[in-house]
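K.L.:
have a look at this fold, sequence not included:
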């Protein structure tokens, strides 16, 4: 079988973008791939996910999650420069890890968010893609995936919101939404 | 915080329906919820997923997966009655487990497939929904979710295919698609 790293994008306004990336991490881990998860929004992965990843890592230590970037809540504080710096640092870490060919799958969670707000430039996306060896899978999540990214991608899925519990006045539920 | 079990549906022709359910199972497990996964298509969850679930269960034994139904490949063999019987058995198991309030989340993977082919009747869906205690989350996956199910659902996401590697002639990759 021909081996080829895929560029995968989960976008759209619906739920399931990060959740499906989590499922991909799990499946890849189960297939003995080495999985690195980089969070471009601080705090977007919470207790449940982190516990589960810790559990997998305790069985076979080839999955890791690293936080970078700033939180959503910090966006409106005029901290544009801080955001840019935090995103650039995390992106540089991704480039270095890819150059070292240290992982079989790298998940760039909420990358699209950071990109669409201009915290990451098109030339940085190019550096990232060219640092990748051809067997490494990259998974990008977040609303508003850029045309630049979609052009490069092999697999793009849009998660569309059809019905949401908030519309019925139901609060977010532990274990489901966080 | 108000606790309420949600009815969640992943549908559409794109990737990520089962993968996002796997991610939900992981997050719920990490939040100490008891998670049962029922597969309405035999063989739809493969090595990677099964290994990961086994690993989680080895850390805290409150996640379980059970296979039922027949495989996709058996559909064309005129085995309509066998499909109906296999789906009915699995559905009865789901009803019993829900009545016993033995789980906090039950994932009915590829339920929509079995339903849309008529292997499960609307009255069986009603039995299932009324067997659930109000704190239990139900997750249904598969293309062509029925209007009956969507009417009852709290959260519905459509996974839409935007771009697929098969369109570029790239084969399915271990660790990603299976």
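P.N.:
Here it is on my side, so go on. Source: prediction; values computed, not measured.
K.L.:
adjacent strands (with direction) for the strand ranked longest in chain A?
P.N.:
When chain A is parsed with DSSP state E, its longest strand is strand A:155-163. Within its sheet, strand A:155-163 is paired with strand A:7-11 (parallel), strand B:155-163 (antiparallel), according to DSSP bridges.
K.L.:
among those, which comes closest to residue A:44?
P.N.:
Closest approach to residue A:44 among the strands paired with strand A:155-163 is made by strand A:7-11 (13.2 Å; Cβ to Cβ). C-betas here are computed from N, CA, C, even on glycine.
K.L.:
how about the residue most central in space within chain A: which residues does it bridge to?
P.N.:
The centroid of chain A falls nearest to residue A:109 when counting by Cα atoms, centre = their mean (1.6 Å). Residue A:109 has these beta-bridge partners by DSSP bridges: residue A:39.
K.L.:
list the residues that contact it.
P.N.:
Contact analysis of residue A:109 by Cβ atoms under 8 Å, 6 or more residues apart in numbering or on different chains lists A:18, A:21, A:37-41, A:44-45, A:141-142.
K.L.:
related to what we said a few turns ago, least confident of the strands paired with strand A:155-163, on average?
P.N.:
Set side by side, the strands paired with strand A:155-163 give their lowest mean pLDDT on strand B:155-163, at a mean of 94.
K.L.:
pull out the buried positions in the longest strand of chain A.
P.N.:
A:155-160, A:163 (16 or more other Cβ atoms under 10 Å in any protein chain shown).
K.L.:
contacts for stretch A:158-168?
P.N.:
If you take Cβ under 8 Å, 6+ apart as the criterion, stretch A:158-168 is touched by A:10-17, A:20, A:171-173, B:6, B:9, B:11-12, B:14, B:16, B:20, B:150, B:153-160, B:162.
K.L.:
how about the secondary structure of residue A:107?
P.N.:
Here residue A:107 is strand, with the state taken from DSSP: H, G, I helix; E, B strand; the rest coil.
K.L.:
how close does it get to chain B?
P.N.:
Remark: distance between residue A:107 and chain B (Cβ to the nearest Cβ, to the nearest Å) = 11 Å.
K.L.:
just the element for the residue nearest to residue A:142 when sequence neighbours are not counted, please.
P.N.:
Residue nearest to residue A:142 in three dimensions, not counting chain neighbours: residue A:112, with 3.0 Å by Cβ to Cβ, 6 or more residues apart in numbering or on different chains. In this assignment (DSSP states H and E), residue A:112 forms part of helix A:111-116.
K.L.:
just to revisit the earlier point, any chance of the buried residues of strand A:155-163 in TSV, plus distance to residue A:178?
P.N.:
Shown next, in TSV, are these (distance: Cβ to Cβ, whole Å):
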residue	distance to residue A:178
A:155	27
A:156	26
A:157	22
A:158	23
A:159	17
A:160	21
A:163	19
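K.L.:
let me know the closest of these to residue B:87.
P.N.:
Using Cβ to Cβ, these come closest to residue B:87 at residue A:163, 25.1 Å.
K.L.:
which residues in chain A form strands?
P.N.:
Secondary structure of chain A by DSSP E: the strands cover A:7-11, A:35-39, A:63-67, A:105-109, A:137-141, A:155-163.
K.L.:
let me see the mean pLDDT of the second one.
P.N.:
When the per-residue pLDDT values of strand A:35-39 are averaged, the result is 97.
K.L.:
now that strand against strand A:63-67, angle please.
P.N.:
Using axes from the mean of the first three to the mean of the last three Cα atoms, to 10 degrees, the inter-axis angle of strand A:35-39 relative to strand A:63-67 is 10 degrees.
K.L.:
before we move on, back to that, the helix holding residue A:112 packs against which elements?
P.N.:
Under the contact definition 3 or more Cβ pairs under 8 Å, 6 or more residues apart in numbering or on different chains; DSSP states H and E, helix A:111-116 sits against strand A:137-141.
K.L.:
run me through the strand neighbours of the strand it packs on, direction for each.
P.N.:
Applying DSSP bridges, strand A:137-141 is found paired with strand A:7-11 (parallel), strand A:105-109 (parallel).
K.L.:
to residue B:89, which of the ones you listed lies closest?
P.N.:
strand A:7-11 (34.5 Å).
K.L.:
about what we covered before: so can I have TSV of the strands paired with strand A:155-163 showing distance to residue B:134?
P.N.:
Shown next, in TSV, are the strands paired with strand A:155-163 (distance: least, Cβ to Cβ, whole Å):
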stretch	distance to residue B:134
strand A:7-11	31
strand B:155-163	16
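K.L.:
contacts for the longest helix anywhere in chain A, please.
P.N.:
Assignment by DSSP state H gives helix A:80-99 as the longest helix of chain A. Residues from elsewhere that reach helix A:80-99 (Cβ under 8 Å, 6+ apart): A:36, A:38, A:40, A:42, A:66, A:68-70, A:74-75, A:103, A:106, A:108, A:114, A:117-120, A:124, A:127-128, A:131-133, A:136.
K.L.:
mind redoing it with 6 Å?
P.N.:
A:38, A:68-70, A:114, A:119-120, A:124, A:127-128, A:131-132 (Cβ atoms under 6 Å, 6 or more residues apart in numbering or on different chains).
K.L.:
check residue A:82 and give its pLDDT.
P.N.:
At residue A:82, the model reports a pLDDT of 85.
K.L.:
low pLDDT regions in chain A?
P.N.:
A:1, A:72-78 (pLDDT under 70).
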